[in-house]
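Asker: what follows is a predicted protein model with its sequence.
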Amino acid sequence: MSLLPSNSKLGSVHLHVQCLHPPNPIPMRALPYHRRQTLRVLSAKRTGKQRYPSEKKELKLKHQEIVGEVKNKFAGIWRLSKLGVPVHKDPGKDFLGVSEGLLEQIAKVLEFPVASMLPTEAFTVVRKSFDARKRLKEPKFVYVVEMDVNKLLSLEPRAWDFISELQPKVGLVEHMPEANKSGDLISIIHGFENVHQGTVSRESAHNMNNGSQGLYTHPTARKPKIAVVGSGPSGLFASLVLAEFGADVTLIERGQPVEQRGRDIGALVVRRILQTESNFCFGEGGAGTWSDGKLVTRIGRNSGSVLAVMETLVHFGAPEGILVDGKPHLGTDRLIPLLRNFRQHLQNLGVTIKFGMRVDDLLVDNGQVVGVKVSDSVDRQSNTQKWEYDAVVLAVGHSARDIYQTLLSHNIDLVPKDFAVGLRIEHPQEVINSLQYSGLATEVRRGCGKVPVADYKVAKYASGKDGDEPLQATSRSCYSFCMCPGGQVVLTGTKPSEICINGMSFSRRASKWANAALVVTVSMKDFDALNLHGPLAGVEFQREFEQRAARMGGGNFVVPVQTVTDFLDNKLSVTSVPPSSYRLGVKAANLHEIFPIHITETLQHSISAFDQELPGFISKEALLHGVETRTSSPIQIPRGIDTYESTSLKGLYPVGEGAGYAGGIVSAAVDGMYAGFAVAKNFGLCNDGIESILGKARTAGYLEY
């Protein structure tokens, strides 16, 4: 169990609990076996006195190594981290400059006597986050700042003595010979040095701001024709890379552009008309467009690849604050114009974009993909067409289940993988603000105040010993997923017979509700228990519970709900329920009837544990919605580590969430970007991959909390 507020650094703690006798007893079904569970607080590395001697020794050696590397203290950049500014001394969450309160903290590190004499021009904020953990004396904004020594000394020469005494400290004060300079993807490609000189040449006078017809062309050879299937983050970034390198790219999207997609979603919410090919899952930008627009990622916030994606989003219209915010997010309202700009740039590069076209099959010849068979996703009576390509980048999301069937028909390997299922919990946002901020909650002001709208992150790990539990119930995690402060619960099912939900919010996060999925990990053992086997067992597992939820809701997209208190007591004592942000209607139901008992019990025990970390998390106002099943892809499509090419079919490049290699907007974009470079290299558009500039990519496959 762990509570991880913004940028938390908690020590590792282990709690051993007899779950037959929890602190707050929960009525449970009689179990035919003796149960033991281990609850583990998950967190960052141990700090201070909690470190092991070996860790202290390693830290000391690292410190000595860093100290020895500083050859000239008066040149380059000094990075100052963990600068805490109390809320009352900070202008607030939307201010990303250098305030007087921040100068005071910088002066303490430099031991400079008068903070007001330090020139603000010498300092750049590279990260700002909010820390309101209860163990702190007071909530603080925490900064990472870069100090340009040359600029500082030119503006304040008296700082020379203080810089001479400055010593590196691991994680606090670090010296860099020069600033880390990242750039957007377009600039990186324009400056790419290792271009194949025999077949590729640079066009002159290319203006990267207005999007010309491509940076590289083939004067003596035919441009490779490449289809990119899916316009989510991975598909967009793969298309961008390939188009900038001069490939003839066709982007195929079964859904509609964001303008029409917005109208289709409006028809669903207002008139209950579900467009099966244009909805919360399908359409320009992928499922992330109508979501919270989170840009947090587990693949390295400061890695070159992530920074390149973030800079590219800024290039297309995202606010520059996402480069500094410790927990950046965009919101649907900012994603829509960004996607329009992205689309216009691709079209200026010569990319052909086909909306409303569904890929029904792959064209395969002698073990090589040679094209795709497509049809109009709106006019089902239209004739299918065959389009020939040299390669196909498969960038579909994890809800394009028909594509998985198509791949199986061509004997392409699909490997089942773990994912998570559960329920989405919703509280009044004011409750979460009070739980996290106490008296500071009044400073939220529906997203317009001084401090961010409060969120939370909780996780519990339950581990059973052999013989104590049935096999499928051992080593199981329960954690919060896709927490949407100031958001709403939305329908992400793609068929009327299935109910699946998610959360979304706009940039201000001004809604009066806060919601998050509480999900439990599942694996092949769980699929086998329901007699589901084969590569698509996980898909059938998802579908089973989505159909159960639809039946419990009574149809017409009504979602079954239960108060948290009733769920813990395994009873349905009310016919009316608290208000919900879900706009298509809710119906009181016993959610114990959806999942197998071991999943339900894990949810019960975890919710009780979360309430101990956030007293008040359990309340009559808290409402559980069923079901959340599409937390990540239930399969992975094996591919080459460096080539990104399918190991089963040449010319096919599976990428992004649907292929099992990403888990969110940023990681999907990174995967698409690297795949684009791999394809470009394979077709001789460049000599080297992006690894030479941004380093090796990390994928966000399934991670257990």
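Answerer: Yes, it's here.

Asker: the closest residue to E277 other than its chain neighbours: how many residues sit nearby?
Answerer: Of all residues not flanking E277 in the chain, S377 sits nearest, at 4.0 Å (Cβ to Cβ, 6 or more residues apart in numbering). Heads up, the C-betas are built off the backbone N, CA and C, glycines and all. S377 has 22 neighbours, counted by other Cβ atoms under 10 Å.

Asker: what do you get for F282?
Answerer: When neighbours are defined as other Cβ under 10 Å, F282 has 27 of them.

Asker: circling back: who's in contact with the residue nearest to E277?
Answerer: Counting by Cβ atoms under 8 Å, 6 or more residues apart in numbering, S377 touches 254-255, 277, 356-358.

Asker: quick check, nearest of these to V364?
Answerer: If you rank the contacts of S377 by distance to V364 using Cβ to Cβ, R358 comes first, at 18.2 Å.

Asker: state the mean pLDDT of stretch 545-558.
Answerer: Stretch 545-558 shows a mean pLDDT of 97.

Asker: any idea of the pLDDT on the residue nearest to E277?
Answerer: pLDDT, the model's per-residue confidence, is 91 for S377.

Asker: and S54, by the same measure?
Answerer: The model's pLDDT for S54 equals 70.

Asker: same deal with the one 3 residues further on?
Answerer: Looking at K57, its pLDDT is 68.

Asker: what about the stretch 401-550 of the chain, any weak spots by pLDDT?
Answerer: Scanning the stretch 401-550 of the chain for pLDDT under 70 picks out 463-475.

Asker: where does the residue sitting furthest away from the middle of the chain land in three-state SS?
Answerer: Within the chain, the residue lying farthest from the chain centre (Cα atoms, centre = their mean) is R158, at 45.4 Å. Recorded secondary structure, R158: helix (DSSP: H, G, I helix; E, B strand; the rest coil).

Asker: residues near the nearest residue to it once chain neighbours are set aside, how many?
Answerer: Excluding its sequence neighbours, the residue lying closest to R158 (Cβ to Cβ, 6+ apart) is M117, at 7.6 Å. Each residue near M117 was counted by other Cβ under 10 Å, and the total is 13.

Asker: ok, M117 touching L152?
Answerer: No. Look at M117 against L152 with Cβ atoms under 8 Å: they stay out of range, at 11.0 Å.

Asker: need the phi and psi values for E621.
Answerer: Note on E621: backbone dihedrals following degrees, to the nearest 10 are phi -80, psi -20.

Asker: go ahead and name everything in contact with stretch 260-273.
Answerer: Stretch 260-273 has contacts (Cβ under 8 Å, 6+ apart) with 255-256, 274-275, 278-280, 283-284, 289-290, 336, 355, 491, 556-557, 583-584.

Asker: next step: those restricted to strands.
Answerer: Residues of the contacts of stretch 260-273 located in strands (DSSP state E): 355, 491.

Asker: any stretches of the stretch 101-250 of the chain with poor pLDDT?
Answerer: 192-221.

Asker: for stretch 564-581, buried residues please.
Answerer: Buried residues in stretch 564-581, counted by 16 or more other Cβ atoms under 10 Å: 564, 566-568, 570, 572, 577-578, 580-581.

Asker: Provide the secondary structure category for V241.
Answerer: Taking three-state DSSP as the rule, one finds V241 in the helix state.

Asker: report the contact partners of it.
Answerer: By Cβ under 8 Å, 6+ apart, the residues touching V241 are 185, 189, 672-673, 676-677, 680.

Asker: out of these, who's the most crowded?
Answerer: With neighbours taken as other Cβ under 10 Å, the top of these is G676, carrying 35 neighbours.

Asker: give me the element that residue is part of.
Answerer: Assigned by DSSP states H and E, G676 belongs to helix 665-682.

Asker: and after that helix, which helix or strand comes next?
Answerer: Sequence-wise, the next helix or strand downstream of helix 665-682 (DSSP H and E) is helix 691-694.

Asker: who are the packing partners of that following helix?
Answerer: Counting contacts by 3 or more Cβ pairs under 8 Å, 6 or more residues apart in numbering; DSSP states H and E, helix 691-694 packs against helix 304-315.
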